[in-house]
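# Got a sequence here, can you model it:
(2 chains)
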Amino acid sequence: MATEQPKPATVDVKMDLFEDDDEFEEFDIDQEWEAKKEGKEATQQWEDDWDDDDVNDDFSLQLKRELESNTEKK
Amino acid sequence: MASAYISMGEAHRRITDFLNRFSDAVSSQDAKSLCLIFSISSNSSFLLSLSDALITFQDASRVMRQADRYSQYADILLPLFRALQSYRLKNLVESYQAFEKAANAFTQEFRNWESAWALEALYVIAYETRILAERADRELASNGKTPEKLKGAGSFLMKVFGVLAGKGSKRVGALYVTCQLFKIYFKLGTVHLCKSVTRSIETARIFDFEEFPLRDKVTYMYYTGRLEVYNENFSAADHKLSYALSHCNPQKERNIRMILKYLIPVKLSIGILPKTSLLEKYNLTEYNNIVLALRRGDLRLLRCALQEHEDQFLRSGVYLVLEKLELQVYQRLLKKIYIIQKQKDQNKAHQIKLDLIVRALKWLEIDMDVDEVECIMSILIYKNFVKGYFAHKSKVVVLSKQDPFPRLTGKAVNS
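Predicted structure coming up:
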C-alpha cells in the first residue's frame, strides 16, 4: 500500500548508478540576470483550485453510468 | 592529436610569455587573467599553444629558475605545467594529480592574501578540479581501475571550502565551492556528505545567505531542494525549489527543466497541479497522465503512468513521492462518487456504501474487496483526506456534512 513503503530505497537507487542525470548546468562565472521578473513565467503555471465539483467530464459521466447501472441491477 | 612542430626558441618564448602573464596577473591583482591561466579544460588556443611549447621544451623548470618573480610561484607553476602537458597528451589521471597539486599551492597563497581579489580564479580552480577528476575517473574506469579521483577532488574542495568559510570578505565564495561539492556528492551517491557543508552555510550568523551571488544561490537551492525531496520534507523542498525556479536565469532552460522535474512531484504531493502548458514547454510530459489521474480520481491511470515511467522516476528518486499520490486520487474518486450521489438524492449523499466504492474500483479494473476498501477509507480518514466516520456494521462511510473533503493545498501530508 502506498503509505507503508519503507523509506531508504530512494537513496540506494542513486548509489549504484555513479552518475547524476540531473546535474545542474554551470552558470558563467560573471553571468548576471535580473533577479525576479523572468522566473515569473514558470512560477505562475500552477493551479491550486482544480478540485472542483464538476462531474460533467467523460470520466465522471462514465463513472456515473457505471454506478447507476449497478444500482439498478441490485 | 599530435602537437604542431615548433622550434626551441619559439617554445622558450611562449613559456616566458606565460610566466610573465602569471606574475603580472598576481602583482596587478588581475583575477580575469588568472582565470584564463587555470582553465585547462577550456582548450583555449592560448593554453594549447603553451602545452605544445612545454612538450617541445621538456625542462620548463630551467626557465622558471631564471627569475625570482617566476620561481617564487614554482609550487603552483611547475605542477600546472605538468597538468597542461599531460592534458595535451591525454594522460588525464596524471593531469588531474598535477593540477590538484597546483590548485593546492594556489589555495595556500590565496589563504595568505589579505583580500579576496583572486576569488574568481579560485572558482575556476574548483571547477577545473571537479571536471578533471571526472575525466581522470573515466580514464581509470576504462583501464579497469578503480575510479577514485572525484572522491579525492571532494576532499580537496572541502579544504578550499575551509579557507573560504571563515569570517571576512572571502566568505562570499564559499557557496560556489559548496555547489561544486554538491555536484560531486550527487554524482558519487554520497549525498550524506552534503550535510557538513549545508550546516556551515545555514547556521552561520555572521553571513546572510542573501549576500551570496545569485547563480550560487540558485544552484544551492536546487541541490538542497533535491535533498529535501529525498528526505520527504515537502514543504522545505517546495520552498527551496520554488526559490531556484523563480531566480534561475531564464535562458538556462535545461536548468529550469531540472528544477521542475523535482518541484512538480513536490507540488503534486501538496495538492497543486502544474498547467499543461508548463509540462509541454519544458517537455515534462511524463507527468501528463499523473496530473490527469489526480483531476479525474482515476487510480488506474495513476498506476499505469507510474509503471510506464518507472525507471525514470526511480532514477530521479521521485517514485515514492508519486506513489503516495494514490491517497489523493482515492479522495478525488470518493468525492466524485459523493457528488454523483448528491445529484440524485441530496439527503442520503453523505452516506457512501463501501460496495459502491468496490464497484467503482472494479470499473477501473482494480480488484479490491470490501475489507480492503474499508482499510483504505480508514487511512483516508486518519490522514484527514476525508472527514467522517466509518460505520463498520453497515459497511458505510458517513461523511461529515461540513467540508467532507478537506483540500490539502499547500500543506504536506504527514506520512
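
# Regarding B:L333, what is its secondary structure?
helix (DSSP: H, G, I helix; E, B strand; the rest coil).

# how about B:F234, phi and psi?
Backbone torsions of B:F234, given as degrees, to the nearest 10, read phi -70, psi -30.

# Work out for me the element B:A349 sits within.
B:A349 belongs to no helix or strand when assigned by DSSP states H and E.

# tell me the contacts of it?
Applying C-beta atoms under 8 Å, 6 or more residues apart in numbering or on different chains, we find B:A349 in contact with B:338, B:341-342. Glycine gets a C-beta too; all of them are placed from N, C-alpha and C.

# Whichever of the residues you listed end up buried, select them in PyMOL.
PyMOL command restricting those to the buried ones, with burial defined by 16 or more other C-beta atoms under 10 Å in any protein chain shown:
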select buried, chain B and resi 338+341
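
# now the contacts of B:A349 as a markdown table including distance to B:D75 and pLDDT?
Listed next are those as a markdown table, based on distance: C-beta to C-beta, whole Å; pLDDT from 0 to 100:
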| residue | distance to B:D75 | pLDDT |
| --- | --- | --- |
| B:Y338 | 75 | 95 |
| B:Q341 | 81 | 91 |
| B:K342 | 80 | 90 |
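
# which of the contacts of B:A349 are close to chain A?
Among these, no residue sits close to chain A (C-beta under 8 Å from any C-beta of the partner chain).

# Touching stretch B:84-99 from outside, list them.
With C-beta under 8 Å, 6+ apart, stretch B:84-99 has contacts from B:3, B:40-41, B:47-48, B:50-52, B:54-55, B:79-80, B:82-83, B:128-129, B:132-133, B:135-136, B:138-140, B:149, B:153.

# Take that stretch, keep the C-alpha atoms, and write them as PDB.
Only the C-alpha atoms of stretch B:84-99 are listed here, as PDB (Å, rounded to 0.1, in the frame of the first residue of the first chain):
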ATOM      1  CA  LEU B  84      48.800  21.100 -19.000                       C
ATOM      2  CA  GLN B  85      51.300  18.800 -20.700                       C
ATOM      3  CA  SER B  86      49.600  15.600 -19.500                       C
ATOM      4  CA  TYR B  87      46.200  17.000 -20.500                       C
ATOM      5  CA  ARG B  88      47.500  17.700 -24.000                       C
ATOM      6  CA  LEU B  89      48.900  14.200 -24.200                       C
ATOM      7  CA  LYS B  90      45.600  12.800 -22.900                       C
ATOM      8  CA  ASN B  91      47.000  11.400 -19.700                       C
ATOM      9  CA  LEU B  92      44.100  12.500 -17.700                       C
ATOM     10  CA  VAL B  93      45.000  10.800 -14.400                       C
ATOM     11  CA  GLU B  94      48.400  12.400 -14.400                       C
ATOM     12  CA  SER B  95      46.900  15.700 -15.400                       C
ATOM     13  CA  TYR B  96      44.400  15.600 -12.500                       C
ATOM     14  CA  GLN B  97      47.100  14.700 -10.000                       C
ATOM     15  CA  ALA B  98      49.400  17.500 -11.100                       C
ATOM     16  CA  PHE B  99      46.500  20.000 -11.200                       C
END
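
# Report the buried residues of it.
So for stretch B:84-99, counting by 16+ other C-beta under 10 Å, buried means B:84-88, B:91-99.

# Nothing else from me, thank you.
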